[in-house]
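A.B. asks: Here you go, sequence then predicted model.
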Amino acid sequence: MCSSLSRTSVSSFGSQTITCHPHTRTMNESKSCNLTDIQVNPHVRLIEFAIYILTFFFGAIFNVLALWVFFCKIKKWTETKVYAINLVFADFFVICILPFMAYLIWKNSVRDELCQFIEAMYFINMVVSIYVISFIFIDRYLGIKHPLKARAFRSPSKAALLCGLLWLAVTTGTILNFQQRYADFCFQYDTSKPTALILLSIFFIFTLPLATLTFCSIEIIRNLKKQLKTNALEEKSIQKALYIIYANLVVFLLCFLPSHLIVIARLVTEHTETCSFNHFVKNFSSMTRCIATSNCCLDSICYYFVTKEFQEAILLPKSSTAKTTQTRSVQTHVY
């Protein structure tokens with residue numbers, strides 16, 4: 001083993017000399033600091049799987065309840081109901097594969113056929129979930145800003161067609177992408193993917209939906225504040241609606257912003273030899289994945305608050321005619 005000082009030794013099999021330099025150990029250490037070779041801290045791993053367990057438990061309850069309400073309690077089909085059902089299905093599929101996903105990550109399994117299927121299911125449903133939330137906000141924005149024109153291209157059948165095209169496009173794109181994915185272990189970061197392609201994926205998967213949600217939220221908030229000035233009787237309802245819009249935007253940012261920021265951080269660390277930073281990226285990346293997965297539970301905020309039919313089926317008694325009328329008058333402009 002080489003010491004910190006350079007030294008030369010003579011081999012017993014001949015006159016060949018072997019020289020050890022101080023940079024030899026440094027090179028070995030830098031290889032051990034490769035981002036793909038670093039192991040996640042055991043404490044971080046335990047926190048990660050605790051979140052997975054909570055996500056699976058509450059996600060299963062919330063999504064089964066949502067499916068029961070949408071199919072058994074709400075008879076009328078609307079655009080929002082179509083979008084919300086697609087959102088529930090996307091979240092429910094992630095919940096179903098979550099135990100397998102957690103097991104594969106825990107065992108550091110090789111990327112076999114089962115792993116590739118679980119990876120594809122996870123990616124497809126997470127992307128569909130992001131875009132369906134965007135569709136809901138776009139639908140409400142059009143109903144507020146262009147109520148008359150929106151009637152021409154807003155209908156449950158057209159919403160179903162749009163969602164069908166979304167599922168097809170995301171599934172096709174995922175299959176094509178995963179055919180060129182090179183990784184040794186399940187859910188391992190693919191270092192062979194070109195930087196330009198990664199940035200393009202971030203734009204379409206996160207940046208574009210975030211810009212859409214932000215724009216629609218701002219316009220809806222402006223509309224609510226205008227109502228607040230002209231309709232003091234519904235101040236509490238309008239304030240509640242404002243909190244709902246803020247909550248949906250914050251939930252989206254909390255779930256998906258960290259995971260995409262860490263991808264950019266990984267691009268930076270590909271050419272760095274700083275072990276401490278690489279360890280941080282690896283551990284934080286593991287946490288951001290489970291935070292993004294928790295969106296399967298937090299999406300209930302979206303389809304519970306945004307869908308007025310859901311609220312009426314769960315909370316509002318049939319005898320509360322006056323309250324229902326007042327709630328609908330605000331929701332007609334907001335949702």
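C.D. replies: Arrived safely, thanks for sending. Numbers count the residues shown, from 1 in each chain.

A.B. asks: How is the protein divided into domains?
C.D. replies: Domain ranges of the chain: 1-32, 33-181+191-301+320-334, per automatic domain parsing.

A.B. asks: Buried deepest among those domains, which one?
C.D. replies: Compared across the domains of the chain, domain 33-181+191-301+320-334 shows the largest average neighbour count, a mean of 17 (mean count of other Cβ atoms under 10 Å). All C-beta atoms are positioned from the backbone trio N, CA, C, and that covers glycine.

A.B. asks: pLDDT averaged over that one, what's the number?
C.D. replies: The average pLDDT for domain 33-181+191-301+320-334 rounds to 82.

A.B. asks: Can you give me the distance of the closest residue to Ser294 other than its chain neighbours to Asn295?
C.D. replies: In this structure, Ser294 finds its nearest non-sequential neighbour in Thr55, 4.9 Å apart by Cβ to Cβ, 6 or more residues apart in numbering. Using Cβ to Cβ, to the nearest Å, Thr55 is found at 9 Å from Asn295.

A.B. asks: Was I right to think Leu224 contacts Ile238?
C.D. replies: Yes: applying Cβ atoms under 8 Å as the test, Leu224 and Ile238 come out as touching, 5.3 Å apart.

A.B. asks: which phi and psi does the residue nearest to Ser294 have?
C.D. replies: Torsion angles at Thr55 (phi, psi; degrees, to the nearest 10) stand at phi -60, psi -40.

A.B. asks: Would you confirm that Ala241 contacts Leu224?
C.D. replies: Yes: between Ala241 and Leu224 there is a contact at 5.7 Å, judged by Cβ under 8 Å.

A.B. asks: Look up the closest residue to Phe135, ignoring the ones flanking it.
C.D. replies: Excluding the flanking residues, the one nearest Phe135 by Cβ to Cβ, 6+ apart is Tyr83, at 5.2 Å.

A.B. asks: which SSE is His260 in?
C.D. replies: helix 235-269 (DSSP states H and E).
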